[in-house]
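Asker: everything below, folded, please.
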Amino acid sequence: MALWEQLESWILLWKMGNSFLKCSAEVIFIYQPFWDKMNLVLVMGVVAMLRELSPWLDNTDCDWSSVYQYGVEKTIDVNETIYSVGQQASDVYIIKEGRVRLFHTSSDGREKALLIMCGGTVIGDSNLHGNYFENAITASKTTYIKMEASLFASIVSGKEDFLPQYTAFLNRKAQTLAILNLLGAYYDSETRIRYTMFHLANQFGQPSEEGAVKILMQFTQQELADLIGTSRVTVANMINSFVHQGLIEKEGRSYIIPSVENLLPVE
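Answerer: Numbering: from 1, shown residues only. Next up, the predicted model:
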């Protein structure tokens, strides 16, 4: 091909490209209000889920009492191991009372919390190739029902009233894991701590006549750090900052929240 023919081809492509870009720009300009509205809807949806879905997952609406007879009830103290990653997943556990931390441990020994399972939830039902997928250690004194996994599966599938509530529980668990992953991936440490304290106040708080909320559950800054995926120093600095801003108050080992809504970041 002659040089002038090549130049002619390049000029034609350049004109086509400019026309395409101009057309695309016009389309984007015309539909910009639509995209802005869609983005606003998405952001509002995410914020609503961040407010609703707590890492302290409970399932108190689910009544498992009629299946307790098929398992063995046991009460154990805080920091007791229920099962570990890689163990054969032969049993499931229905949490009656207490809190159980589900987490992974990195090669250098750091913990990455997944969820804290509370009353009415089921643990041990998630497995990979027949083995437990995560570690489960109590975060408080805990009472659970231990049941063979195959028996639990047959009960859930055989009782019409259990299958919908178990499915709803799994759906909420999946939503919570997804929103916590989103929070950890796209939000800074301060925002993650704000939402964590917000959920603590809502779930484990005692309101006063003045409107303040005292968080009754005892926890350490290291536990918060493991939960949100940051360092203990960062948590300590952020909490001190919140105290100076008047967002929280300290009373011994307890925290008082003057206004729960003020804890939330401005989105």
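Asker: all helices for this protein, in order.
Answerer: Taking DSSP state H as the test, the helices found in the chain are 3-52, 149-158, 162-186, 189-204, 221-228, 232-245, 260-263.
Asker: state the mean pLDDT of the second one.
Answerer: Same thing as helix 149-158. Here helix 149-158 scores 89 as its mean pLDDT.
Asker: got it, and the longest one?
Answerer: Along helix 3-52, the predicted confidence averages to a pLDDT of 51.
Asker: do stretch 164-183 as well
Answerer: 90.
Asker: other residues contacting that stretch?
Answerer: Around stretch 164-183, the neighbours that count as contacts under C-beta atoms under 8 Å, 6 or more residues apart in numbering are 46, 49-50, 53-55, 57, 59, 61-62, 114-115, 120-122, 156, 191-192, 195, 228. Where C-beta positions appear, they are placed from N, C-alpha and C, glycine not excepted.
Asker: just the buried ones from these?
Answerer: Those of these that meet the buried threshold are 46, 50, 53-55, 57, 59, 62, 114-115, 120-122, 156, 191-192, 195, 228, by 16 or more other C-beta atoms under 10 Å.
Asker: remind me which residues of the stretch 51-200 of the chain are low pLDDT?
Answerer: Flagging of the stretch 51-200 of the chain using pLDDT under 70 yields the residue ranges 128.
Asker: one more pass at 50, please.
Answerer: Residues of the stretch 51-200 of the chain meeting the criterion pLDDT under 50: none.
Asker: how is the chain divided into domains?
Answerer: What automatic domain parsing lists as the domains of the chain is 1-46, 56-158, 189-263.
Asker: mind putting the ones you listed into TSV with distance to residue 182?
Answerer: Converted to TSV, these look like this (distance: least, C-beta to C-beta, whole Å):
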stretch	distance to residue 182
domain 1-46	7
domain 56-158	14
domain 189-263	11
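Asker: enumerate every residue touching the residue nearest to residue 222 when sequence neighbours are not counted.
Answerer: Setting aside the residues directly before and after it, residue 222 is nearest to residue 232 in space (C-beta to C-beta, 6 or more residues apart in numbering), at 4.8 Å. By C-beta under 8 Å, 6+ apart, the contact set of residue 232 is 221, 222, 225.
Asker: not counting sequence-adjacent ones, nearest residue to residue 89?
Answerer: residue 127 (3.6 Å).
Asker: so what's the one you found bridging to?
Answerer: Counting by DSSP bridges, residue 127 is bridged to residue 132.
Asker: and it, how close does it get to residue 154?
Answerer: 17 Å (C-beta to C-beta, to the nearest Å).
Asker: the two - which one has more neighbours?
Answerer: Neighbours per residue (other C-beta atoms under 10 Å) separate residue 127 from residue 154, with residue 127 holding more: 17 against 12.
Asker: would you check that the more buried one makes contact with residue 90?
Answerer: No - assessed by C-beta atoms under 8 Å, residue 127 is found out of contact with residue 90, at 9.5 Å.
Asker: which residues does residue 113 bridge with?
Answerer: Beta-bridge partners, per DSSP bridges, of residue 113: residue 103.
Asker: for it, give me its contacts.
Answerer: 55, 101, 102, 103, 226, 227, 229.
Asker: and which of those is nearest residue 248?
Answerer: Distance to residue 248 across those (C-beta to C-beta) is lowest for residue 227, with 16.9 Å.
Asker: now the closest residue to that closest one other than its chain neighbours: how far from residue 92?
Answerer: Spatial nearest neighbour of residue 227, chain neighbours left out: residue 113 (4.4 Å); criterion: C-beta to C-beta, 6+ apart. Distance from residue 113 to residue 92, counting by C-beta to C-beta: 21 Å.
Asker: for residue 103, same thing?
Answerer: 18 Å.
Asker: who's more crowded, these two?
Answerer: Between residue 103 and residue 92, counted using other C-beta under 10 Å, residue 92 has the larger neighbour count: 23 against 18.
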